[in-house]
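A.B. asks: got a sequence here, can you model it:
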Amino acid sequence: MIQFKLEGEFIPLIQLLKATGLVGTGGDAQAAVMDGLVKCNGEVEFRKRYKVRVGDIITFGQDKIEVI
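C.D. replies: Below you'll find the model as predicted:
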């Protein structure tokens with residue numbers, strides 16, 4: 001599991017995917033979200049600008065990100 005330390009109130013979902021290195025570009029991140037490949041707290045998330053906050057668990061493929 002990847003632990004991501006959040007600085008601020010939230011980070012947009014596509015920026016989180018880029019910041020953790022799970023995707024190479026913003027376009028890749030947007031495509032993954034729009035294709036339903038990303039889950040937030042166990043639910044498929046289709047909003048690219050979803051505000052990820054402390055305590056959220058993001059799942060992308062076999063990878064999980066815990067936002068701390």
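A.B. asks: now the strands for the protein?
C.D. replies: 2-4, 11-12, 38-40, 43-44, 51-52, 57-60, 63-67 (DSSP state E).
A.B. asks: most tightly packed of those strands?
C.D. replies: strand 38-40 (a mean of 20; mean count of other Cβ atoms under 10 Å). All C-beta spots, glycine's among them, are computed from the backbone N, C-alpha and C.
A.B. asks: report the mean per-residue pLDDT for it.
C.D. replies: What strand 38-40 shows for mean pLDDT is 98.
A.B. asks: show me the contact partners of that strand.
C.D. replies: Leu13, Leu17, Ala32, Val44, Glu45, Tyr50, Val52, Asp56, Ile57, Ile58, Thr59, Phe60 (Cβ atoms under 8 Å, 6 or more residues apart in numbering).
A.B. asks: I'd like to know which of the strands of the chain lies nearest to Gly26.
C.D. replies: strand 11-12 (10.0 Å; Cβ to Cβ).
A.B. asks: what's the mean pLDDT across the closest one?
C.D. replies: The model assigns strand 11-12 a mean pLDDT of 97.
A.B. asks: top helix in this protein by residue count?
C.D. replies: helix 26-34 (DSSP state H).
A.B. asks: just to revisit the earlier point, could the strands of the chain go into a markdown table alongside distance to Gly21?
C.D. replies: Formatted as a markdown table, these follow (distance: least, Cβ to Cβ, whole Å):
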| stretch | distance to Gly21 |
| --- | --- |
| strand 2-4 | 9 |
| strand 11-12 | 14 |
| strand 38-40 | 15 |
| strand 43-44 | 22 |
| strand 51-52 | 16 |
| strand 57-60 | 11 |
| strand 63-67 | 10 |
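A.B. asks: out of those, which comes closest to Gly24?
C.D. replies: Taking those one by one with Cβ to Cβ, strand 57-60 is closest: 13.0 Å.
A.B. asks: thanks a lot, catch you later.
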